[in-house]
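**Student:** I would like to see how this sequence folds:
(2 chains)
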Protein chains: 2
Amino acid sequence: MGFVEMIRPRIERVNREIERVIDGEVPRLVEAMRHYPAAGGKRLRPVMALTACAAVGGDEERAMPFALALEMTHNFTLIHDDLMDKDAVRRGRPAVHIIYDEATAINAGDAMFARSFYLLTKLDVPDPVLRTILEDFSMMVQGIAEGQQMDMDFESRREVTEEEYMVMVEKKTALMFKTAAKGGALIGRGTEEEISALDEYGRLLGIGFQIWDDLLDLQADEKVLGKPVGSDIKNGKKTLSAVWALNHLEGEQREAFLRAFGNAEADEETVAKAIEAMREGGAIEYATRRAEEYAEKSRRLLGVLRDGPDKEILLAAVDFMVKREK
Amino acid sequence: MGFVEMIRPRIERVNREIERVIDGEVPRLVEAMRHYPAAGGKRLRPVMALTACAAVGGDEERAMPFALALEMTHNFTLIHDDLMDKDAVRRGRPAVHIIYDEATAINAGDAMFARSFYLLTKLDVPDPVLRTILEDFSMMVQGIAEGQQMDMDFESRREVTEEEYMVMVEKKTALMFKTAAKGGALIGRGTEEEISALDEYGRLLGIGFQIWDDLLDLQADEKVLGKPVGSDIKNGKKTLSAVWALNHLEGEQREAFLRAFGNAEADEETVAKAIEAMREGGAIEYATRRAEEYAEKSRRLLGVLRDGPDKEILLAAVDFMVKREK
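**Tutor:** Numbers count the residues shown, from 1 in each chain, chains lettered A, B, ... in the order given. I've put the predicted structure just below:
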């Protein structure tokens, strides 16, 4: 059974609730708020929270407001990010700022963020747990904003170190998986050892996930990817393989890479040659190895959990998120 | 002693703390977050929270994280509103989206909102109080987004009823004063009667404040106002007096009003004639009377409080906020 099949029941539970909890008194705003969540998706973040809760022996029903708050906040950040990055399409549909307008996109994101916190106040957990979850959640959202800011600042910089890239990815992507896994374990009343293992599991898996996701852009088929191969290269996006290439490629390989990197006019052949140079020079191998290391470390942390179907799902999540089809 | 002098010690305490609590790991983002709060202001919302706490006999030091969260959230909504409304100037300085860029303005607002919730988790209050405050706070922010959305939607509509205007003002402006006064009383462990009186006091005062603020645009001197007299008229802003004029003026008065309303090209004389028509037709008198009614009702609610300097401040706040200099 594939990973998505394993988590199907949880995906469906999230789907049943998410549109209901996204509500308000101004119809146009509620529509804009529901636009992305209604388009579906694999609900990786809420599913991780529910699974972590169950994996430590908790009642995952209690983690549901937390899981829904995560999914809502994830979608709020997508709305604002698409506006900031001027991306017009998301999940095959027009972005919120396109189908409505920019002001409505800003407002819809703000309202979803507010509503996420409202949901968290409904958590049926002891108060010290509630305070920890609220603290983690608010630090997470600030961290995501910081990661997005770093990502944008990188665009206009010639050089970015690998360390800077790692900080950015940790904030922009990994914090949410970390918060999901830790929060699920907290709500499920896991032991301290379980909570801290799942916290770190989410963080490492999130980093591996982003590195791998960026690699897909270089390797996948346009049909699978939903966008042209190498578009990150043309956009000059500072992914791990690009950062490595910038800092390590030399001679002709470097020239071939730089001809396409950040060059919106680069044709297909120029992009293909840049990717070839990255491959031959070792950039893709390097990033692949790093992603695999993060995956392996995250997998090992699950050793503290009792065996069972939820542990299997958390293990399968690693393979799915870091070794998805090219 | 004038109102501002009465609240000066509290203004200064807020000023001492606000920049310190606005912090993060990405310098450019922190700068953008501090840009509006650093420009000063009367800190009406945090001062109201601190005063309400003291007025019910509480230790206002305990309300400080709540007061700072209010001021931070107020400033976050200003950043996003200025971007949505394309306003380039705020408190005599370039708006955040002008001095930085639009993406940074979106991000800075999001991060300030997150940080406001982080501050709330530090409140030293019993847990049922914490949950109520978090719930009110999140509903408040969603309500502000809804009010802003209604305000924008009104711009493109020919007709707006007075009832719709009242709902919009209640969300966009009054909710924050309501939440401030109620929250202060909750943290100060006021009686149920005091808490609900201050809740309603803040709501009514907030409505009166906005009606009065809109009237200033028609009456003040350009130098006092910091923008040309009647600019709301030219922008077609649906203020209470404009809504009343649209729904009640007839004949020549109506024509004089419509020649300037929503007409960006209207010259000074056309605007002056429109304001004259509003005055003669009774629109300004009507809005003034409504503002005074809200002020009077809010004042009366303070009857439940024990006499003392904090009650005096809350009374003086009404005069200041609804009868400020024209």
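**Student:** residue A:132 against residue A:185, yeah?
**Tutor:** No: the criterion here is C-beta atoms under 8 Å, and residue A:132 misses it with residue A:185 at 11.2 Å. Any C-beta I mention is one placed from the backbone N, CA and C, and that applies to glycine too.
**Student:** show me which of the two is the more surrounded one.
**Tutor:** residue A:185 (28 against 16; other C-beta atoms under 10 Å in any protein chain shown).
**Student:** any part of the helix or strand where that one lies near chain B?
**Tutor:** Per DSSP states H and E, residue A:185 falls inside helix A:175-187. No: using C-beta under 8 Å from any C-beta of the partner chain, we find that helix A:175-187 stays clear of chain B, coming within 11.4 Å at best.
**Student:** which strands or helices does that helix pack on?
**Tutor:** Where contact means 3 or more C-beta pairs under 8 Å, 6 or more residues apart in numbering or on different chains; DSSP states H and E, helix A:175-187 is packed against helix A:44-55, helix A:64-85, helix A:127-155, helix A:192-219.
**Student:** can we see that at 10 Å?
**Tutor:** helix A:44-55, helix A:64-85, helix A:127-155, helix A:192-219, helix A:283-301, helix A:309-322 (3 or more C-beta pairs under 10 Å, 6 or more residues apart in numbering or on different chains; DSSP states H and E).
**Student:** for the following helix or strand past the longest one, packing partners?
**Tutor:** Spelled out, it's helix A:127-155. Moving toward the C-terminus from helix A:127-155, the next helix or strand (DSSP H and E) is helix A:162-169. Under the contact criterion of 3+ C-beta pairs under 10 Å, 6+ apart, helix A:162-169 touches helix A:127-155, helix A:192-219, helix A:240-248, helix A:283-301.
**Student:** please name whichever of those is nearest to residue B:211.
**Tutor:** helix A:127-155 (34.3 Å; C-beta to C-beta).
**Student:** residues of the closest one that come out buried?
**Tutor:** Buried residues in helix A:127-155, counting neighbours by 16 or more other C-beta atoms under 10 Å in any protein chain shown, are found at A:130-134, A:136-154.
**Student:** so which of the residues you listed reach chain B?
**Tutor:** When contact is defined as C-beta under 10 Å from any C-beta of the partner chain, the buried residues of helix A:127-155 meet chain B at A:130-134, A:136-150, A:152-153.
**Student:** tell me where the model's unsure across the stretch 201-326 of chain A.
**Tutor:** A:220-227, A:324-326 (pLDDT under 70).
**Student:** skipping its backbone neighbours, what lies nearest residue A:6 in space?
**Tutor:** Sequence neighbours aside, residue A:313 is the residue nearest to residue A:6 in space, at 5.2 Å (criterion: C-beta to C-beta, 6 or more residues apart in numbering or on different chains).
**Student:** again with residue A:120
**Tutor:** residue A:69 (5.3 Å).
**Student:** and the one you found, how many neighbours?
**Tutor:** Other residues close to residue A:69 by other C-beta under 10 Å number 28.
**Student:** okay, it and residue B:31: tell me how far apart.
**Tutor:** To residue B:31, residue A:69 is 29 Å away according to C-beta to C-beta, to the nearest Å.
**Student:** what's the answer for residue A:259, then?
**Tutor:** Taken as C-beta to C-beta, the span from residue A:259 to residue B:31 is 36 Å.
**Student:** any chance of the helices and strands packed on helix A:175-187 in a markdown table, plus distance to residue B:164?
**Tutor:** Below are the helices and strands packed on helix A:175-187 laid out as a markdown table (distance: least, C-beta to C-beta, whole Å):
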| stretch | distance to residue B:164 |
| --- | --- |
| helix A:44-55 | 36 |
| helix A:64-85 | 26 |
| helix A:127-155 | 32 |
| helix A:192-219 | 45 |
| helix A:283-301 | 52 |
| helix A:309-322 | 47 |
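**Student:** of all these, which lies closest to residue A:265?
**Tutor:** helix A:127-155 (17.0 Å).
**Student:** centre of the chain versus that closest one, how much separation?
**Tutor:** 13 Å (C-alpha atoms, centre = their mean, to the nearest Å).
**Student:** what of stretch A:229-238?
**Tutor:** Per C-alpha atoms, centre = their mean, the centroid offset for stretch A:229-238 relative to its chain is 18 Å.
**Student:** for stretch A:39-57, same thing?
**Tutor:** That offset, for stretch A:39-57, works out to 13 Å (C-alpha atoms, centre = their mean).
**Student:** avg pLDDT for it?
**Tutor:** Regarding stretch A:39-57, the rounded mean pLDDT is 96.
**Student:** on that earlier part again, send over the helix holding residue A:185 as PDB, restricted to the C-alpha atoms.
**Tutor:** Extracted in PDB, the C-alpha atoms of helix A:175-187 (Å, rounded to 0.1, in the frame of the first residue of the first chain):
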ATOM      1  CA  LEU A 175       9.400  24.600  11.100                       C
ATOM      2  CA  MET A 176       5.900  23.600  10.200                       C
ATOM      3  CA  PHE A 177       6.600  19.900  10.000                       C
ATOM      4  CA  LYS A 178       8.600  20.200  13.300                       C
ATOM      5  CA  THR A 179       5.700  22.000  15.000                       C
ATOM      6  CA  ALA A 180       3.200  19.500  13.500                       C
ATOM      7  CA  ALA A 181       5.000  16.400  14.800                       C
ATOM      8  CA  LYS A 182       5.900  17.900  18.200                       C
ATOM      9  CA  GLY A 183       2.400  19.300  18.700                       C
ATOM     10  CA  GLY A 184       0.700  16.000  17.900                       C
ATOM     11  CA  ALA A 185       3.000  14.200  20.400                       C
ATOM     12  CA  LEU A 186       2.300  16.800  23.000                       C
ATOM     13  CA  ILE A 187      -1.500  16.600  22.600                       C
END
